[in-house]
Every structure is written in C-alpha cells, then in structure tokens.
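Q: turn this into a structure:
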Amino acid sequence: MRIFARLLSSLMLLVVVSALLFAMCRATPVSPARLTLGSDASADQVASFNRQHGLDRPVVAQYGTWLTHAATLDFGRSYVSGNDIGPEIADTLPGTVELVTLSFVLTLVMSILLGTVAALKEDGTADHVLRIAAIVGLSIPSFWLGLLLIRYVALKTGWLPVGGRVPWADGIGAHLGSLILPVLTMSVYYIAVLSRLVRTNMVDALSQDYIRTARALGLPRGRILVYALKNALPSLVSTAAMSYGYMFGWALIVEQIFNLPGVSRALLTAIFQRDYPAVQAIVLVITTIFIVSNSCADLVQGALDPKVNRK
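A: Model prediction:
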C-alpha cells in the first residue's frame, strides 16, 4: 500500500513539474517563431511556423498534446535542427547516466569509508584531517577543480586524456580511464557532504546502549560496526538519492569542461539556442530520473528501517 501511494505521489509530482516547465517555456515575451526565424521574418512566415508546430492552439491544448506524446517518449521536433528530439536524447542520455552513476558509486564508497574512519577516530588526528579535507572539498568550485585536474594531471603527467570519452570499442581500461578526471571532479563535493553525514550518524550509533551491550558481550568488532552502520545508513539513503539527481545538474558543467557528449551538455546547447522543445524534453527526463531515484531511496530506507513503513 505504501509503495502504491509513493508511486502515485511521484506520478502527480511529475505532472505538476511538467506543467510548470511547459508554462515557463511559454512565458517568454518573444514567441518561439520569432526566436527561431529571426526578427526579419514576415507575418506569414511566423503564422506558418505556428501552424506547423501547433503554437496557434490554446496553451492548455498544447500542453495536453505534448504530455500525451511525452508519455510515449515522443518529444516532438527541435525548432532549430528539425530533428526528432527523442532519438537525440536516447543517444546522449547513456553517457551522462554512466558518468553520474560512476560518480555516485565512488561517492557512496568513499563517504561510507571516510565517515566510518572519522567516527572510529572521533576527535583524533584522522578525524581532524578528514574534517579539513571535507571543508576543502566543499569550498572548491567544480569547474576550477576540473581545470586543475586537467592542468596538473592530464597535461603534466600525460597519464589520462585531457577530455573526450574513449569508446568501449577501444577497450574497457581506456574507456574508464577517460572518465577518471570527470568522475573525480563531480564526486569531491558530494564525498565531502556525505562523509560528514556518515561520520555524524556513526558517532551517534556507536554511542547507543545496544553497541555498549554488544561490546560487553564480546561480539567481534566487525560485527558491531555492521550493526552501527545499518542504523547510520537510513538518513544517508535519502540524502544520497537527492545527490544522484543533483549530479545531473553538475554534469552540465563537467561535460562542458571535459568535452564529453551527454544529455546535460545537450541541455546547455538547447538553452543557448532557445530550443524550447528540447529544453522541455531534457528537463522532463532528468526530473523523472530524480523522482525515480528518490522513490527507490524510500523503498531502500524502508528495508533498512522497518519503522519507516509503519509511519
């Protein structure tokens, strides 16, 4: 029942977001026809453009048609190129999903590892060093970090490519090597955030009575850490899920810096070209991924903490 309610609320949220997105793209003072055809276009050309793209219909009718087609993954045609938007998203989305997913996995592994070490060494040297490292990670802008990695790692050493994505056909090692710097650029900030959250939760969990009882009973240290980590993870899951969605926004900068073809970079191009159908479609896809990741996080959180399912 809880799963059904969550899916229904996610669907309603997606509809609301799509309506707001459609309205904002239609709220510009200059018509799409003028933006695409230019200010010198004649009235007949503008009228023909509006009829061709259905812009002469009421806004509500336009939204209904667009939403119906979007539900079948038909996002219409680009105003600029005239190509179907769906295939272009299908070509660019996997690259961005791969980049974000690799960054997310690295973030989770490093956050849990560093946060646990900091909690076990509370107020010790390791804890203070990791705290300073987290502050530095939070303070460095991602675009600057990417440029530093290009300058001092890619160019200085020549170990890794400056930019671009090596295709899988050239080998797994070469492909993953081309993504190391972009993944690091995207992950540092979130590792700093989530590692401090893990550290705080672990310190609280390790101070609970059941942990002291487990130690008194002589349970192995590793088993005690597993118990503490299981109770520290539920709040991490929801924050991590939001971070996964936010990474698609950060990917816009990272893909631009490292010249990576991806859907976030395609979104930036569409914004510059004022290609509203492409902007609507890409933002809707990213929003859907964000909502799905948070819904999955709720299910995982319920599995880790059964009390959540009873609320």
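Q: tell me the buried residues in stretch 267-281?
A: 267-268, 270, 273-281 (16 or more other Cβ atoms under 10 Å). C-beta here means a position set from N, CA and C on the backbone, and glycine is covered the same way.
Q: now do it, average pLDDT.
A: Computed over stretch 267-281, the mean pLDDT rounds to 85.
Q: what of stretch 179-196?
A: 93.
Q: what's the pLDDT at Tyr302?
A: One correction, residue 302 is Gly, not Tyr. 68.
Q: where exactly do the helices run in the stretch 51-200 of the chain?
A: Counting by DSSP state H, counting those that start in this stretch, one finds helices in the stretch 51-200 of the chain at the ranges 59-71, 85-120, 125-139, 142-149, 156-157, 172-177, 180-206.
Q: just name the most buried of the ones you listed.
A: Among these, the stretch with the highest mean neighbour count (mean count of other Cβ atoms under 10 Å) is helix 180-206, at a mean of 22.
Q: what is that helix packed up against?
A: Contacts defined by 3 or more Cβ pairs under 8 Å, 6 or more residues apart in numbering; DSSP states H and E place helix 180-206 against helix 85-120, helix 125-139, helix 142-149, helix 221-257.
Q: how far out from the middle of the chain is the second one?
A: Taking Cα atoms, centre = their mean, to the nearest Å, one finds helix 125-139 lying 24 Å from the centre of the chain it belongs to.
Q: list the helices and strands it packs on?
A: Applying 3+ Cβ pairs under 8 Å, 6+ apart, we find helix 125-139 packed against helix 85-120, helix 180-206.
Q: next, the angle from the longest one to helix 180-206.
A: This means helix 85-120. In terms of direction (axes from the mean of the first three to the mean of the last three Cα atoms, to 10 degrees), helix 85-120 departs from helix 180-206 by 50 degrees.
Q: spell out the secondary structure type for Asn259.
A: coil (DSSP: H, G, I helix; E, B strand; the rest coil).
Q: and it, what is it in contact with?
A: By Cβ atoms under 8 Å, 6 or more residues apart in numbering, the contact list for Asn259 reads 163-164.
Q: what values do phi and psi take at it?
A: phi 60, psi 50 (degrees, to the nearest 10).
Q: and it, how far is that from Arg265?
A: Asn259 sits 9 Å away from Arg265, going by Cβ to Cβ, to the nearest Å.
Q: of all the helices and strands packed on helix 125-139, which one is nearest Gly54?
A: Ranking these by proximity to Gly54 (Cβ to Cβ) places helix 85-120 first, at 14.7 Å.
Q: list the contacts for Leu284?
A: 17-18, 21, 70, 75.
Q: just the angle for the host helix or strand of it relative to helix 221-257, thanks.
A: Leu284 belongs to helix 276-304 when assigned by DSSP states H and E. For helix 276-304 against helix 221-257, the angle by the same axes, to 10 degrees is 180 degrees.
Q: off-centre distance for helix 276-304?
A: With Cα atoms, centre = their mean, you get 9 Å for helix 276-304.
Q: please apply the same query to stretch 94-108.
A: Remark: stretch 94-108 is offset 8 Å from the chain centroid, using Cα atoms, centre = their mean.
Q: can I get the CA coordinates of it in CSV?
A: Taking Å, rounded to 0.1, in the frame of the first residue of the first chain, the C-alpha atoms of stretch 94-108 are listed here in CSV:
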residue,chain,number,x,y,z
PRO,A,94,23.5,6.9,-21.6
GLY,A,95,26.8,8.8,-21.5
THR,A,96,25.5,11.2,-18.8
VAL,A,97,23.9,8.3,-16.8
GLU,A,98,27.2,6.4,-16.9
LEU,A,99,29.2,9.5,-15.7
VAL,A,100,26.7,10.3,-12.9
THR,A,101,26.4,6.6,-11.8
LEU,A,102,30.2,6.1,-11.6
SER,A,103,30.5,9.4,-9.7
PHE,A,104,27.7,8.3,-7.4
VAL,A,105,29.2,4.9,-6.7
LEU,A,106,32.6,6.4,-5.9
THR,A,107,30.9,9.0,-3.7
LEU,A,108,29.0,6.3,-1.7
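Q: just the pLDDT for the closest residue to Pro277 other than its chain neighbours.
A: The shortest distance from Pro277 to any residue other than its chain neighbours is 4.9 Å, reached at Gly76 (Cβ to Cβ, 6 or more residues apart in numbering). Per-residue pLDDT puts Gly76 at 84.
Q: ok, Ser238 touching Asn294?
A: Yes. Between Ser238 and Asn294 there is a contact under Cβ atoms under 8 Å: 7.4 Å.
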